[in-house]
Each structure stands twice: as C-alpha cells, then as structure tokens.
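J.: Could you look at this predicted model? Sequence included:
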Amino acid sequence: MSSVNGYVRNAWYVASWAQDLTPEKTFAITILGEPIVIWRTAGGTLYALEDRCVHRLAPLSLGRCEGERLRCMYHGLLFDPDGVVAEIPGQEIIPANARVRHYAVIERHSWVWVWMGDAALADPVLVPPAVGYDDPDYILGHGQLDYAAEARLINDNLLDFSHLSYVHANSFGAGPQFAQTQPTIIPLERGVRVQRWIANTYGASNRKSDVPVDSWQSYDFLVPGILLMWSGNYPAGTAQALNHAPPERDAAIAGLNFTSQAVTPLTDRTSRYFFSWGPHRRHGDEAIRDGMMQLAGVAFGEDKVMIEAQQRVIDMTPDPRIMPTSHDRGVTLFNRLVQKLARADGDGAPVAIRSGSDARDRQAAAAS
Amino acid sequence: MSSVNGYVRNAWYVASWAQDLTPEKTFAITILGEPIVIWRTAGGTLYALEDRCVHRLAPLSLGRCEGERLRCMYHGLLFDPDGVVAEIPGQEIIPANARVRHYAVIERHSWVWVWMGDAALADPVLVPPAVGYDDPDYILGHGQLDYAAEARLINDNLLDFSHLSYVHANSFGAGPQFAQTQPTIIPLERGVRVQRWIANTYGASNRKSDVPVDSWQSYDFLVPGILLMWSGNYPAGTAQALNHAPPERDAAIAGLNFTSQAVTPLTDRTSRYFFSWGPHRRHGDEAIRDGMMQLAGVAFGEDKVMIEAQQRVIDMTPDPRIMPTSHDRGVTLFNRLVQKLARADGDGAPVAIRSGSDARDRQAAAAS
Amino acid sequence: MSSVNGYVRNAWYVASWAQDLTPEKTFAITILGEPIVIWRTAGGTLYALEDRCVHRLAPLSLGRCEGERLRCMYHGLLFDPDGVVAEIPGQEIIPANARVRHYAVIERHSWVWVWMGDAALADPVLVPPAVGYDDPDYILGHGQLDYAAEARLINDNLLDFSHLSYVHANSFGAGPQFAQTQPTIIPLERGVRVQRWIANTYGASNRKSDVPVDSWQSYDFLVPGILLMWSGNYPAGTAQALNHAPPERDAAIAGLNFTSQAVTPLTDRTSRYFFSWGPHRRHGDEAIRDGMMQLAGVAFGEDKVMIEAQQRVIDMTPDPRIMPTSHDRGVTLFNRLVQKLARADGDGAPVAIRSGSDARDRQAAAAS
C-alpha cells in the first residue's frame, strides 16, 4: 500500500513527541507514504489506525474520539481501535471487509512509536533505548524539523560525522579531526556503533575545557533511523591509558551529555527529524541545556540547508550515482543492513535486537 | 482534447455568475480541462471560444473585444464569434484550418452556462431550472468557492445528506436524523430526486421553530452537477396526513427557502462550486438571507475542509476503492447515470430532460 | 545528462551579469537542466563546474573558494578548476573517476558566458558581439527577469516584432506598422537579421520626434538566443533615398540606441531573460536611459504576462500545434537553424560564426 520502498517495515518509527498527543484529540502523520491517525484515550491508551475511512477514503484524523473508538466525521462510521467498523449510521449490517489497517503503537522514552510492519510481530523489546525528556539523569531539551528530503539522506548524514568539520565548522566548532581521522565502527544486529576519542583537545561548543582533555563520543545508529549518542570529557591521557577502548561513562570529569535523534520517512521526498540534547544532571543545568538547544537550532539548520539542496540536485539528475569515500563505511554498513532487513520483512519475524552492550551502557547510565 | 474524463459532455456547465461577465471584457475559465474564453458584447450577446489562439496558443482571454469579434493581443489575429479567424495582420490569405472551437453559451437563472459537447446539440431546454438571484419570489444571496478536489467528490457529498449529521453538526445543527433515516430517492431522466420529511421537529438553523413542525426538504441533483433544493416547515402532523408524500409548496407555514448549487469540474483535481440560498419573499427578508449566507459560509467551508482532505488521501492511495453504504443509493444512481450519459455522448443527441414534475414544481413556485 | 533538449549545445549561454560574480563567492545557475557553479578567483579568473559533488551529489555552490580551487562543504572534497578532485579528507587515494564536468566560461560585454557543449570546442570568437554596460559609446541600463516558460517561447517572441503592435501598443506605442508590414529578414550563419524602415513617422516612446523622420531598426538574433539591436532616426526621405537599404549608423540624427538581450533556458519550463538598453552617448544621457529602463520594465512585464500564459495553455494542451503566419518567417528560419546546429552538436566542431557584416557594424559603432 505504501509508495515508499527501501526502508525496514518491521521496526518502530517515531511518530511524535509524547507530549504532543493530547487525550481524545486525533494526531495525523504520514509514515512511509501511509496516512496514519493516532489518538490517546482519556484513560491514556494509545491507538493507531490507517487514516483513511473504508467508506469514501476521508481521513479519520478529522474524526471524533468516542471512548475507545474513533468516529469518521464525514458520514459517521465508527471504528473500534483494531480498525474494525463497529457502526454504520442508517445501516444494520456491517460488511466483513469494513475495516482499516491497525498499527501497533507504543510510548517509550518520550516518543510515540509506530510499528510499520505486521502488527502481530511488533515487539516492545525492539524499541531503541533512547533517553526521554523525563529521564531522571539528564536535563534534555527537544525539538523537531521537517525536511523536504528523503529520510535516507538524513540517515547518511548522521552516519558520517566527517561533515562536522565542514557543515558545522562554525556552529559546533568541531575542528578538522572529524574529517582527518576515522572513528571505530562496530556492526550491531540492528545498526552500527560509531566511537571516537579525540585526545588532548580543548573541546568545542558545550564541551569546551580550560585544560586539555581527552574527549569521547559514542553513538549507536539503529533501524529505522535512530541515533543515540553520549559524549564526555576525560583527563588527558585516558585514551592512551585505555588503548583507545571505551571509557566508563561515570568516570567522565565534564561535559557528559546525551542526544536522542530520530529520522522518520514521511513520503519519498519528505521526512521529520526529532531530536533531544542536554547534559547529565551532574555535569550541567537548565542554562547549559538551553545553550545546547540554541546551538542545535543553528547546527541542525545547517544540515537541513545542505541536505535539502542535495535532494534538489539529485532530483534534477537523470541517473544519480554516488562515489563512496573511506568515511562512508558506517553509511554503507547501515544501508546494507537496511536492505537485508527490508528483504527479511517478508519472511516473518524481525531480526533480533542489537547485541546487548549498548543496552547495558544505557542501563548503566540510568543507574548512575 | 480534454484531459478530464468520466463526465457528461452533452450538458450545460455553470461557468460564471451572470453579473461577473462585464460587457466587452473577456472571462477565462477552464472546464473539463479545456480553456474557454467567454465574453459579452456591448449589445449583451454572449460568446464562448476555445481560449487558445490557433497561431501560437496564446490565450484569447488576454485579448480585446472588438464589436462581435475577439482579437488575440499577442500577434493580432481576429476571431469571429464562431471561432473562425477573420483577419491575420500582415497576411492576405486565411487558411481553412484557421479556427478555434466554438462553444454554445447561454445565460439563465443568473448563471452563464457552457455546453461542453457538440455545440449543434446544445438545447436550452436542458438548462436545469435553477432559481436566479433576480427571481421575484426569492431573496437570494450567492457566492462561490474553489476546490482543490475533483468535482465528483463534491457531487458525492451533495448526493448523501447523511454527512449533515457529522460535518455540519454544529453549523446547520442538522441533528442525527439525516444519518439515521433514509430519504426517498427517485430516479430522474437527467438526475435523481431526494426527498425527506422530518416530522415533529423544532428545525434547525434558519428553519428553527418555537413549536414542533413537520419539516420538508426536496432536491433534484441534475447532470452535470446541479443541485436545486427547496425546504419548508408545515404544521405538525402534515407528513403523516400526506402519508409522507410531497406537500404543496405554497402550504408551507414558515421557512420556505430555495438553494441552487452548481459543481463545475475545472481540471481533474480542481473544481468551482457556485451557490445561492435564501428565503421565499413571504417567509423572510434581506436580514434572514444575510444570516443564511453567513451560515453557508461556515458550512460550505466545513465541506471544503473534508473534501480536500479526502482528495489528498485518495491521491496518496495507490489503488483507491470505496465501500458504499446504504446512504450511497443516490450517489450510486447518479454516478451510473453519468456513466451512461457519458457513453451516449458519442452517439449524437443528448438524453432528454428529466420528467416534468420538478419543472412543474418550479413553475408553481414562480407563479406563487 | 541534461533533461532539456532542442537547443544548441555548442554555443555560449549568458549565465550572469559580470557584476553579479563577486570574487571568491560561488554563483549557482541551472542551464539546460544542468546545475552549474561559477566562481571568480581573487585574481579575477572565472571557473565553472558541474554543481554536483561526485561524492554524494551535494551542490558545490554551497562550497568554499580556496585559491584556484573549490571545496565541497558537505564532506570536504576539494576540486581543481578542471573538475578533478584534488583532495578527499581522511583518504589517501583519489579514484580516477573522482571528477565533475568542467565548463568553459568567459566574460565578455558585461556578461558571463558558459559554453554548454564540449569545452574543447569552446571558441571565444563565437561570443555574440553584444554591447556591455561598460561600453564607452552607449549609456546602458540593465536588468533581468525570470520566466515560468520555456526559452523557445521567448525566442519566438523576439523573432516576430508584429507583437509590438498588440502586446506593447500602450507601452512602446509601436503603432500598427509592425503588424501590417514585413521586415527584411536575412539568414546569418548563426542566426537571422531583421531590419525595418518606418518612413515618415513621429516615432514613439524614446524615439519620438517633433518632425516626421524615417526610423530604422536592425537586430541580429543569434544562437542560442541573443538579440542585438540598434535603432535610429534619420531625416524624412532617407529610406526612399537609400532604396530601403540599411543606413550608416553614424548618420542618425536622433534616437540612436542599442539593446542587448539574452534568453537562457534554465529548465524545460523556466528561463532567465537578461537585457540592457540605452542611448548612444551623442544622442542621450543618464536621464534618457532611466526613462528607457522604466519603459522596458513595463514592456518586458507585458511580454512575461503573455508568454507565461501561453506556456500554461500549452501545458494543458495534449497535442499542441501551431499555425505559422507570414510574420513567422524569422521564427521559422531561426528554429530550423537551431535544429540543424543541435543535430551538428554531435559531429564535432561548431558551425562557424555568422557572416561578418554585423561584426563590422559593431566595430563601426565601437569606433564612432
């Protein structure tokens, strides 16, 4: 039914910030080209249906929440939360085909997630371990941006941080290291992990330091397009002492922060980008968070200008081809994984969740 | 030549309100995907031509009225009102193919109508018996709305008043009866008739009553997409006394009013909707008319929101299918009739006008 | 690679006014559907490359000028001015296919010209002999307009001045002669020449005269779409005395002026139109030039309204056909020449420049 291909369907896609779903109000979004209506009942339960009445294709998102049900406000058909029509005004018999598609939907880590594959296969265990804005350990701001570009281009951007040295030279002040050196890239079952020490640096933006430090950055990029990253400063010499292995998160002496980012394909040429960012409570406060969000506003705007321009060039190119560089290892690994999982979508159960280490990282952070 | 199919060509389409055609000024409209220029001479005669110069396809609507003729203001070709080129500046000989299509055009009931089929078959008898804003019996306001939706969706809307209980619950205050009960539907030669008693009601909007009344509503929906409706309140008990047959229009005790509405397909995704509404002179005045028009502004805006959203959903649906309900009898009857007449368009003479009863109704009203 | 056909590729296209290329700033334009980035070094050299990074297709026009080179500011690839990649950050080896297309570019007559064919064939001799705003003999204003129409329609307009009698009846006040009589049309190797005496006239607009004069107008219209026109007033009787042959430019007694105009196809439905106009220094001053530019603003706006409307009609016409008139000789000659040259584009060397007479005219003017 979708017109958008090349993405994993058996995966949780971010549809909204949790706070943007008002009880008994419909919320409309298109994901992978499929119109979806989501609503929260007065009791707090979330439901998601195909946003297209079976009668004459009016959007149910113009409808009315009635208890657990949703009524189409064109001619009054009433839908159970599983998509089955419960009432057709003025008609006794309800045909067997009077139903719309039902989507699994779940709220986790301040996001509302929709499973775009077979609802029977939807597994909460596969929700990526993001950090919500209600997390007790972090002080997070959050926002979102709509892109006139396909999601894959944003994913590619997030999988190759060498762009920081150019696109964000003035905003993040990232320095040339991101382009000159390669991060460590580790394949995960449902993504890739990207890690990097920058030794003996004064840092930049929100992690500036008066004395040289070793700066650590690690992120997982998980299907369908979820970036979970933490960073921290360590005493100079730590990278060498650890032989460039990952540090203990708790041992950060400054600048410990977290960002969750999600890329949701709306149509084949539009996307929504959700992001949060902020310091660990022991390493910052609301003022620091506000400064980081201001910076994010500038920097993510720089990405948007570049990626939407890239999309326009692609659109006027009859046979677009790319020429990967050595910085594209993460991009290539992830895109191959997406292709593999997308092919597997037809075969039944989704590929199991990524290996446990990042989950352990997350648990450690939550427990700290 | 048209890119818009599925509509009857041998029919009169509303192109404009009569007052919007200023003498010696061109008026441009696209109907069924065909660009048309209409103009009124100083003497009052109406003409309509293909709005596309035979020379280099400039629109004649940017041209200049010269007596009975129209001059293209790009390179000066002069057109007779039958579409034949009368003059090519700087050239003696006029080729035999120097002509554009001529359309039959007529002014009736405050509307300018264009016949989209063979002009030789255009028959004024087939102009639907609307009520113009110059009618002596009614005090009518009028307006128009442009839709980003195909005309068929608006026709469908007007053929199933069960939407009044939902789309217009707050504006017209129509109550649940429109969805809970079925109207009487009578096939006409060129349309369908939809009639309904609502017994023992206090009415709504412009037909509210302090005491219970029986409320009558009857409309014809005629090809290509013309709705002609009158309504009136009768003493409680009238519906039963008449065994739910139609009442005499003159016997209405209150709320007698009339509305003419026309749906014109511009392109396959855009339409123009013309409407008038107001009370019979014995049952209202200019203030009542103004209140009705204010209400129409709200309610027709509700339709536009729903139908344009429906169109957007249809456009993102690869293989759109509908599931008719029992309220769709009128819709189905009319659309089948359109199909039948559209097929007959190739065969010559248009199907004769609908049976005379509605015309008699109209004459009775005019004579009252 | 281009999606725009039917134009000559081995030709110089105007990309910009010279003053709009700031040193060390990129300039982006799409010509014939191909995205192009142009830049001027600090030393004044002009370069033009395909505006599409070989890596991930980001536009190089968002890049940074670094000496003679241009750096893509997405992931930092550095391009030599011939389009070859000189540096890939974080990567030692540069693949042989790491290059983008290079375009020949030249600045002449206040315009920056790009050669859209094989750069090896680019010949400065083929730059049409326009008059720049820095010309010592003329006092020229200049401007540009973007069109939502294909370039061919603007070329057609400029090749048939019979439209002056209609489109510009009120602005240029051109009178009926342009439509009633034919100009002399002379084929050139790379264009057509259009010449006309209007004898015993009081002139119009900027060439109005208190006494009758003979008014001369001559323009070359050269591939790809360059109009070079001069006009002047001569004593009444001159046309007859010369047997309607061209006059000496220097013998003009008043109203001697020049206009250079260029039509550049951006995409198959958009174009950019560049123009200059003004008096010869002996026949006018800055005030006269300003009045002419004001008039041009009105008149060229009239063309834009007509041609964009013509394009809209063409776009809604399934099988658009034209019916040429006797005024279309110039249009037809030029379009046939374009077809011939476009076919020859594949064969190697471009067709030689038009015969020398107009170049001589130009030299005479420059020497006067």
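T.: All right, it came through fine.
J.: can we go C-alpha only for contacts and neighbour counts from here?
T.: OK.
J.: Can you check what pLDDT the model gives A:Ala169?
T.: Among the per-residue scores, A:Ala169 holds a pLDDT of 91.
J.: how about the residue lying closest to it once chain neighbours are set aside, what does it touch?
T.: What sits nearest to A:Ala169 in space, not counting adjacent residues and going by CA to CA, 6 or more residues apart in numbering or on different chains, is A:Gly175, at 6.5 Å. With contact set as CA atoms under 8 Å, 6 or more residues apart in numbering or on different chains, A:Gly175 has these partners: A:Leu164, A:Ser165, A:Ala169.
J.: Which helix or strand contains A:Asn170?
T.: Using DSSP states H and E, A:Asn170 sits within no helix or strand.
J.: Please report the distance of it from C:Arg281.
T.: 50 Å (CA to CA, to the nearest Å).
J.: what do you get for A:Leu32?
T.: For A:Leu32, the distance to C:Arg281 equals 65 Å [CA to CA].
J.: out of the two, which sits in the more crowded spot?
T.: Ranked by neighbour count (other CA atoms under 10 Å in any protein chain shown), A:Leu32 and C:Arg281 place A:Leu32 first, with 25 against 15.
J.: Thought A:Arg269 was touching the more buried one, still the case?
T.: No. Taking CA atoms under 8 Å as the definition, A:Leu32 is not a contact partner of A:Arg269, at 10.1 Å.
J.: could I get the contacts of A:Gly175 as a markdown table with neighbour count?
T.: Formatted as a markdown table, the contacts of A:Gly175 follow (neighbours: other CA atoms under 10 Å in any protein chain shown):
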| residue | neighbour count |
| --- | --- |
| A:Leu164 | 27 |
| A:Ser165 | 23 |
| A:Ala169 | 15 |
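J.: closest to B:Asp319 among the residues you listed?
T.: A:Leu164 (43.5 Å; CA to CA).
J.: quick one, what contacts that closest one?
T.: If you count contacts by CA under 8 Å, 6+ apart, then A:Leu164 has A:Phe172, A:Ala174, A:Gly175, A:Phe178, A:Ala179 around it.
J.: now A:Phe27
T.: A:Leu21, A:Val37, A:Ile38, A:Trp39, A:Ser61.
J.: so which strand or helix has it?
T.: Going by DSSP H and E, A:Phe27 is part of strand A:26-31.
J.: Just the element for the residue nearest to A:Ala169, please.
T.: Using DSSP H and E, A:Gly175 falls outside every helix and strand.
J.: what's the spacing between it and chain B?
T.: For A:Gly175, the distance to chain B equals 44 Å [CA to the nearest CA, to the nearest Å].
J.: who touches stretch A:100-115?
T.: Under CA under 8 Å, 6+ apart, the answer for stretch A:100-115 is A:9-19, A:46-50, A:52-54, A:81-84, A:116, A:118-119, A:122, A:124, A:127, A:129-135.
J.: again, but for stretch A:176-189
T.: Stretch A:176-189 is contacted from outside by A:161-165, A:192-198, A:327, A:329-330, A:333, A:351-355, C:75-76, C:89-90, using CA under 8 Å, 6+ apart.
J.: So how do I select the buried members of those in ChimeraX?
T.: Only the buried entries of the contacts of stretch A:176-189 go into this ChimeraX selection, using 16 or more other CA atoms under 10 Å in any protein chain shown:
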select /A:161,162,163,164,165,192,193,194,195,196,197,198,327,329,330,333,353,354 /C:75,76,89,90
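J.: Just the strands from the stretch 251-368 of chain A, written as ranges.
T.: For the stretch 251-368 of chain A, the strands defined by DSSP state E, counting those that start in this stretch occupy A:254-267, A:270-279.
J.: Output those strands in TSV, with mean neighbour count, distance to chain C and mean pLDDT appended to each entry.
T.: What follows is those, written out as TSV (neighbours: other CA atoms under 10 Å in any protein chain shown; distance: least, CA to the nearest CA, whole Å; pLDDT from 0 to 100):
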stretch	mean neighbour count	distance to chain C	mean pLDDT
strand A:254-267	25	19	96
strand A:270-279	24	17	98
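J.: B:Pro246 is nearest to which of the ones you listed?
T.: strand A:254-267 (51.9 Å).
J.: Restricting to C-alpha, output that closest one in PDB.
T.: Taking Å, rounded to 0.1, in the frame of the first residue of the first chain, the C-alpha atoms of strand A:254-267 are listed here in PDB:
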ATOM      1  CA  ALA A 254      33.000  17.100  32.500                       C
ATOM      2  CA  GLY A 255      30.700  17.500  29.500                       C
ATOM      3  CA  LEU A 256      28.800  14.300  29.900                       C
ATOM      4  CA  ASN A 257      25.700  14.600  27.700                       C
ATOM      5  CA  PHE A 258      23.200  12.600  25.700                       C
ATOM      6  CA  THR A 259      21.300  13.100  22.500                       C
ATOM      7  CA  SER A 260      18.500  11.000  21.000                       C
ATOM      8  CA  GLN A 261      17.600  11.700  17.400                       C
ATOM      9  CA  ALA A 262      15.100  10.000  15.100                       C
ATOM     10  CA  VAL A 263      14.500  10.300  11.300                       C
ATOM     11  CA  THR A 264      11.100   9.400  10.100                       C
ATOM     12  CA  PRO A 265      10.300   9.000   6.400                       C
ATOM     13  CA  LEU A 266       7.000  10.700   5.700                       C
ATOM     14  CA  THR A 267       6.900  10.300   1.900                       C
END
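J.: just the angle between that strand and strand A:270-279, please?
T.: Interaxial angle, strand A:254-267 versus strand A:270-279 (axes from the mean of the first three to the mean of the last three CA atoms, to 10 degrees): 170 degrees.
J.: Show me what strand A:254-267 is packed against.
T.: Other helices and strands packing on strand A:254-267, by 3 or more CA pairs under 8 Å, 6 or more residues apart in numbering or on different chains; DSSP states H and E, are strand A:12-17, strand A:26-31, helix A:151-159, strand A:226-235, strand A:270-279.
J.: Let me know the angle separating it from strand A:226-235.
T.: Strand A:254-267 and strand A:226-235 are oriented at 170 degrees to each other (the same axes, to 10 degrees).
J.: Pairing partners for strand A:254-267, with directions?
T.: strand A:226-235 (antiparallel), strand A:270-279 (antiparallel) (DSSP bridges).
J.: Flag the shaky bits of chain A, pLDDT-wise.
T.: A:1-3, A:206, A:347-368 (pLDDT under 70).
J.: rerun that using 80 as the cut-off
T.: Residue ranges of chain A with pLDDT under 80: A:1-3, A:174, A:203-208, A:346-368.
J.: Now do the helices in it.
T.: A:151-159, A:177-180, A:238-241, A:286-315, A:329-344, A:357-367 (DSSP state H).
J.: export these to CSV and tack on distance to C:Ser218?
T.: Below are the helices of chain A laid out as CSV (distance: least, CA to CA, whole Å):
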stretch, distance to C:Ser218
helix A:151-159, 53
helix A:177-180, 59
helix A:238-241, 78
helix A:286-315, 41
helix A:329-344, 61
helix A:357-367, 78
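J.: What separation is there between A:Ala120 and B:Gln180?
T.: 36 Å.
J.: just A:Val4 next, same as before
T.: 40 Å.
J.: Nearest spatial neighbour of whatever residue of the stretch 151-300 of chain A ends up closest to chain B, chain-adjacent residues omitted?
T.: Going by CA to the nearest CA, chain B is nearest to A:Thr267 of the stretch 151-300 of chain A, at 9.5 Å. Ranked by CA to CA, 6+ apart and with sequence neighbours excluded, the top spatial neighbour of A:Thr267 is A:Gly33, at 4.5 Å.
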